[in-house]
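> what's the 3D shape of this:
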Amino acid sequence: VGDLDTHDTLCRAIAADSGIRLLAVDYRRAPEAPAPTAAEDAIAAFTWAVDHAEDLGADPSLVAVGGDSSGGNLAAVVAQQCVRRDLPLPALQVLIYPALDLVARRPSRDLFSDGFILTEADIIWYRDHYTPDPALRPDPIVSPLRAGDLTGLPPTYLTTAGFDPLRDEGNEYAEALKAAGNAITHVLHPTLPHGHANLRTVPGTTQEAHQHLTNHLRTTLQ
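Residues are numbered from 1 along each chain as shown. Prediction:
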């Protein structure tokens, strides 16, 4: 669920509206490839992009990593693992309503468990397919919010949505990043649901959220 095709239009719009080059990654997905396969693919893709940045017409020092929802999870994992593995750091991590904790429940999971695009049943279904072994779920390779040390991470642009079951874990991660001394821009879109990035053609706040993101990318990466 979710691939190059579902996000092609969004990726093209981000690239066009922010004036950056964007490399979409077709990482392997569960259940055929359970965790941490997707995370390792994402790490490999990021380091490849840095190594080949000049071939792609980009500055190696300005390669960012980003994603929405489960892609936000992977982007957060990439940033953390680059620190842990002494790899080149992203210039920016972009976390759009990310999934960050596969263990704990927070109030937003109950408040918006049904009727707001991403449901509680969806979350459990994704979790069980991605991590069929529950023992892996507390590991930061799949639950980056549970990392013990968040120091030294790259600057962060993190968005949360007011009507999103994942809202509270995103807000908590924003506070944890700030407390650890990291530079962070946290944008709460109070009236939007999970998945709004793919609804940006709807007039109003969805387009405003898209513009805020692309403005930040233009300012940070150019």
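> so which bits of the helix ranked longest in the chain are buried?
Taking DSSP state H as the criterion, the chain has its longest helix at helix 205-221. By 16 or more other C-beta atoms under 10 Å, the buried positions in helix 205-221 come out as 206, 209, 210, 213, 214, 216, 217, 220, 221. For glycine as for every other residue, the C-beta is placed from the backbone atoms N, C-alpha and C.
> make CSV from the residues you listed and add distance to residue 186 and pLDDT to it.
Below are those laid out as CSV (distance: C-beta to C-beta, whole Å; pLDDT from 0 to 100):
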residue, distance to residue 186, pLDDT
206, 19, 97
209, 13, 98
210, 17, 98
213, 13, 98
214, 17, 98
216, 12, 98
217, 16, 98
220, 15, 97
221, 19, 96
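> how about those, which pair is most distant?
The largest separation in the buried residues of helix 205-221, counting by C-beta to C-beta, is between 206 and 221 at 22.5 Å.
> before we move on, the earlier item: what packs against the longest helix of the chain?
helix 8-18, strand 93-96, strand 156-163, strand 184-193 (3 or more C-beta pairs under 8 Å, 6 or more residues apart in numbering; DSSP states H and E).
> quick one: residues in contact with the last one.
Counting contacts by C-beta atoms under 8 Å, 6 or more residues apart in numbering, the residues outside strand 184-193 that touch it are 112, 116-118, 155-164, 171, 174, 177-178, 196, 205-206, 209, 212, 216.
> tell me the contacts of residue 90?
46, 63, 64, 65, 78, 79, 82, 154.
> same list, the helices and strands packed on helix 205-221, but as JSON lines with distance to residue 51, mean neighbour count and mean pLDDT please.
Below are these laid out as JSON lines (distance: least, C-beta to C-beta, whole Å; neighbours: other C-beta atoms under 10 Å; pLDDT from 0 to 100):
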{"stretch": "helix 8-18", "distance to residue 51": "21", "mean neighbour count": "15", "mean pLDDT": "97"}
{"stretch": "strand 93-96", "distance to residue 51": "19", "mean neighbour count": "28", "mean pLDDT": "98"}
{"stretch": "strand 156-163", "distance to residue 51": "23", "mean neighbour count": "23", "mean pLDDT": "98"}
{"stretch": "strand 184-193", "distance to residue 51": "27", "mean neighbour count": "17", "mean pLDDT": "98"}
